[in-house]
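Asks: Predicted structure and sequence below. I'll ask about it afterward.
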Amino acid sequence: MTDSSVAAFPAASGSSARTRVWDLPTRLFHWALAAAVIGMIGTGLSDAMEWHFRLGYAVLALLLFRLLWGFVGGRWSRFAAFVYGPGSMAAYLRGRAPPDHLAGHTPLGALSVFAVLAILALQVATGLMADDEISASGPLTRFVSGELVSLATGWHKAQGKWIVIALVSLHLLAVLFYVLVKRHRLVRPMVTGDKLVSAENGQVAPSRDDAASRWLALVLFALCAGVAYWVSSLRV
C-alpha cells in the first residue's frame with residue numbers, strides 16, 4: 001500500500017481522481033468494530049455472557065479510540081470533515097453537494113455514523129452498569145444506585161439491544177442499496193483506502209496516512225485498550 005500523505009493522482013477517466021480518503025487506522029477501526037458488534041449481538045442473544053463482556057470491552061476501547069481519532073486522524077476521519085448543517089443536507093438531497101461533501105462521509109452518511117456511535121456508546125455504558133441478578137453484572141454496578149442499575153439493565157436488555165440490531169440491519173441494507181442499485185463503490189474504499197472522487201471542481205485533499213500517523217494511532221489505541229482493561233478489572 002502506498003504511503004499516502006501523497007495520494008491524490010489522476011484516474012484513467014480524466015474526470016476523477018483516485019484519492020486516499022480512509023487512512024489505515026480508520027479502516028481497521030471500521031472492520032474491527034463491525035466484527036465486535038456482530039459478535040456482541042450474537043453472544044447477547046445466546047447468553048454467552050463472558051464473551052459478551054469481552055466483546056463489550058473491545059467495543060469500549062474502539063469507541064474511545066474513534067473519539068480521539070475524530071480530532072487527530074486523517075482529513076476525512078475527523079469529525080470536522082463531516083459535521084454538516086441543514087443547508088448542506090438540503091443541497092445533498094437535491095443532488096447539488098460539492099465534491100468535498102461526497103469524498104468522505106456524505107451528509108446523510110454522517111447522520112448514520114453519529115447515530116451508530118451514539119447508540120453503541122449508550123449500549124456499552126448501560127452494559128457496564130447492568131445486572132441480571134443471576135450470573136452477570138457490569139463492573140460499574142457497585143458504584144451507582146440500585147435505581148440506575150435497574151434503568152440501565154432494562155434499557156440494555158430491551159430497547160438498546162433492538163435499536164443496535166435495527167441500526168446494524170439498516171446500515172447493511174443501505175450499503176447493499178448503494179452498491180447494487182446506485183452502483184456506488186462503498187466497500188472497496190474501506191479496504192484499500194482509496195476512492196475515485198470527482199475532479200471537475202478541483203482536487204479533493206487526501207487524508208494523511210503515513211507512518212507517523214499510524215504510530216500515533218497505535219499509541220492512542222493502546223491507551224484506550226488500557227482504559228477498557230482497567231474498567232474490566234473493576235468487575236467483582
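Replies: Arrived safely, thanks for sending.

Asks: dump the residue contacts of the most centrally placed residue in the chain.
Replies: Closest residue to the average C-alpha location of the chain: residue 30 at 5.5 Å, with C-alpha atoms, centre = their mean. Residues near residue 30 by C-beta atoms under 8 Å, 6 or more residues apart in numbering: 22, 190. Where C-beta positions appear, they are placed from N, C-alpha and C, glycine not excepted.

Asks: And residue 200, what's its pLDDT?
Replies: You'll see residue 200 listed with a pLDDT of 57.

Asks: Ok, residue 24 next?
Replies: 97.

Asks: Poorly predicted segments of this structure, please.
Replies: Across the chain, the ranges flagged by pLDDT under 70 are 1-16, 182, 184, 198-203.

Asks: tell me which element the residue nearest to the centre of the chain falls in.
Replies: helix 24-45 (DSSP states H and E).

Asks: chain center to that helix, what's the gap?
Replies: Centroid separation between helix 24-45 and its chain, computed with C-alpha atoms, centre = their mean, to the nearest Å, is 9 Å.

Asks: Output it as CSV - backbone C-alpha positions only.
Replies: C-alpha atoms of helix 24-45 as CSV (Å, rounded to 0.1, in the frame of the first residue of the first chain):
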residue,chain,number,x,y,z
LEU,A,24,-5.4,2.7,7.7
PRO,A,25,-6.4,3.3,11.4
THR,A,26,-9.9,4.3,10.3
ARG,A,27,-10.2,1.2,8.1
LEU,A,28,-9.0,-1.1,10.9
PHE,A,29,-11.4,0.5,13.3
HIS,A,30,-14.3,0.1,10.9
TRP,A,31,-13.8,-3.6,10.4
ALA,A,32,-12.9,-4.4,14.0
LEU,A,33,-16.0,-2.5,15.2
ALA,A,34,-18.2,-4.4,12.8
ALA,A,35,-16.8,-7.8,13.9
ALA,A,36,-17.1,-6.9,17.6
VAL,A,37,-20.6,-5.6,17.4
ILE,A,38,-21.8,-8.6,15.4
GLY,A,39,-20.1,-10.8,18.0
MET,A,40,-21.6,-8.8,20.8
ILE,A,41,-25.1,-9.2,19.4
GLY,A,42,-24.6,-12.9,18.9
THR,A,43,-23.3,-13.6,22.4
GLY,A,44,-26.0,-11.4,23.9
LEU,A,45,-28.8,-13.4,22.2
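
Asks: In a strand, residue 195, correct?
Replies: Yes - with the criterion set as DSSP: H, G, I helix; E, B strand; the rest coil, the secondary structure at residue 195 is a strand.

Asks: So in terms of bridging, what pairs with it?
Replies: Counting by DSSP bridges, residue 195 is bridged to residue 19.

Asks: Tell me, how many residues neighbour it?
Replies: Neighbourhood size, residue 195 [other C-beta atoms under 10 Å]: 23.

Asks: rewinding a little: and the residue nearest to the centre of the chain, how far from residue 236?
Replies: Distance of residue 30 to residue 236, computed by C-beta to C-beta, to the nearest Å: 34 Å.

Asks: Look at residue 206 and give its secondary structure.
Replies: Per three-state DSSP, residue 206 ends up coil.

Asks: Surely it is in contact with residue 21?
Replies: Yes - at 7.2 Å, residue 206 counts as touching residue 21 under the criterion of C-beta atoms under 8 Å.

Asks: Look at the two and report which has more neighbours.
Replies: Between residue 206 and residue 21, counting by other C-beta under 10 Å, residue 21 is the more crowded of the two (31 against 26).

Asks: how about the nearest residue to residue 63, chain neighbours excluded?
Replies: Nearest residue to residue 63 in three dimensions, chain neighbours excluded: residue 121, at 5.6 Å (C-beta to C-beta, 6 or more residues apart in numbering).

Asks: I appreciate the help and will end here.
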